[in-house]
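S.K.: I'd like to go over a predicted model; first the sequence, then the structure.
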Amino acid sequence: MESALQQQLIDHLESFVSAHKKERIDSVLAHRTRYLTVVVENLFQPHNTSAVLRSCECFGIQDLHVIERDNTFAINDGVAVGSGKWVDIHRSGETGPGATNACLSSLRRSGYRVAALTLREPSVPLADVPLDAPLALCFGTEEEGLSDDAHAAADYFVRIPMVGFTQSLNISVTAALTLYELGIRLRASDAQWQLPKKEQDVLRLAWYRSIVPRAEMHVKRVTEAWKGG
């Protein structure tokens with residue numbers, strides 16, 4: 001979409017958005033990031049996938065990448081509470097064993113390092129994970145964790161240190177703790193973690209379209225007028 005048309009659409013739809021909601025959207029966009037991104041591999045329980053999605057939204061993560069090796073990604077609306085409307089969900093486009101390499105290779109080409117949340121050694125504590133480059137955080141299936149393919153692709157094995165008899169957390173709890181701690185560290189760092197204005201405007205328009213009544217009718221009218229102008 002050409003930037004001039006995009007701005008016209010934003011300006012038009014914004015006239016139907018309350019001042020309070022506009023302020024809220026501006027605030028959320030200011031805290032959104034793609035510097036950290038989340039990858040879930042082969043989750044099969046909808047309440048866990050939905051809880052991870054909800055944590056992404058709550059902690060300002062814009063993209064959730066889904067690897068469906070054997071299991072289909074499903075959302076429980078009661079757990080997700082609408083968070084899917086605000087987060088971009090990217091499916092790998094492949095299934096089976098090749099899905100992991102396809103997803104992680106694509107992220108590498110986009111400049112991400114890969115961190116596997118795992119019990120395998122050698123691993124680094126969450127507090128010591130480097131944030132000097134964009135980071136893709138990988139979380140595995142409920143029973144077995146990440147696949148061998150995901151481990152082989154990882155730059156870091158990462159653990160959350162524990163002092164109890166039980167040495168692992170539920171996947172959704174692990175994701176929430178990871179995003180909370182790394183989010184605090186990231187926002188206190190010198191990294192350029194915020195979305196560029198161009199990306200913010202793309203999201204702003206998408207979000208306006210999702211909340212303005214009869215938004216697509218308005219979009220059609222503005223677009224037709226712009227093309228005919």
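M.R.: Perfect, I can see it now.

S.K.: Identify the residues contacting the lowest-mean-pLDDT helix or strand in the chain?
M.R.: Within the chain, confidence by mean pLDDT, DSSP states H and E is lowest for helix 77-80 among all helices and strands, at a mean of 79. Applying Cβ atoms under 8 Å, 6 or more residues apart in numbering, the contact partners of helix 77-80 are 46-47, 50-51, 53-54. Any C-beta I mention is one placed from the backbone N, CA and C, and that applies to glycine too.

S.K.: which of the residues you listed has the most neighbours?
M.R.: Ranked by neighbour count (other Cβ atoms under 10 Å), the contacts of helix 77-80 have residue 53 at the top, with 28 neighbours.

S.K.: Which helix or which strand is home to that residue?
M.R.: helix 46-58 (DSSP states H and E).

S.K.: For that helix, which helices and strands make contact with it?
M.R.: strand 36-41, strand 63-68, helix 77-80, helix 171-187 (3 or more Cβ pairs under 8 Å, 6 or more residues apart in numbering; DSSP states H and E).

S.K.: The lengthiest strand in the chain to helix 46-58, inter-axis angle?
M.R.: In the chain, with assignment by DSSP state E, the single longest strand is strand 88-95. Between the axes of strand 88-95 and helix 46-58, defined by axes from the mean of the first three to the mean of the last three Cα atoms, to 10 degrees, the angle is 140 degrees.

S.K.: got a list of what the nearest residue to residue 186 once chain neighbours are set aside touches?
M.R.: Nearest non-adjacent residue to residue 186, counting by Cβ to Cβ, 6 or more residues apart in numbering: residue 193, 5.2 Å away. Neighbouring residues of residue 193 by Cβ under 8 Å, 6+ apart: 33, 35-36, 186-187.

S.K.: deepest of the helices and strands packed on helix 46-58, which one?
M.R.: strand 36-41 (a mean of 25; mean count of other Cβ atoms under 10 Å).

S.K.: mind listing what that strand pairs with, with the direction of each?
M.R.: strand 63-68 (parallel), strand 135-139 (parallel) (DSSP bridges).

S.K.: between the first one and helix 171-187, how big is the angle?
M.R.: I take that to be strand 63-68. 150 degrees.

S.K.: Other residues contacting strand 63-68?
M.R.: Residues contacting strand 63-68 (Cβ under 8 Å, 6+ apart): 34, 37-42, 52-53, 56, 73, 87-92, 95, 99-100, 103, 107, 136, 150.

S.K.: And that strand, how far out from the chain middle?
M.R.: Mean-position distance between strand 63-68 and its chain equals 8 Å (Cα atoms, centre = their mean, to the nearest Å).

S.K.: and what of stretch 14-33?
M.R.: 19 Å.

S.K.: try stretch 141-160
M.R.: Using Cα atoms, centre = their mean, the offset of stretch 141-160 from its chain centre is 18 Å.
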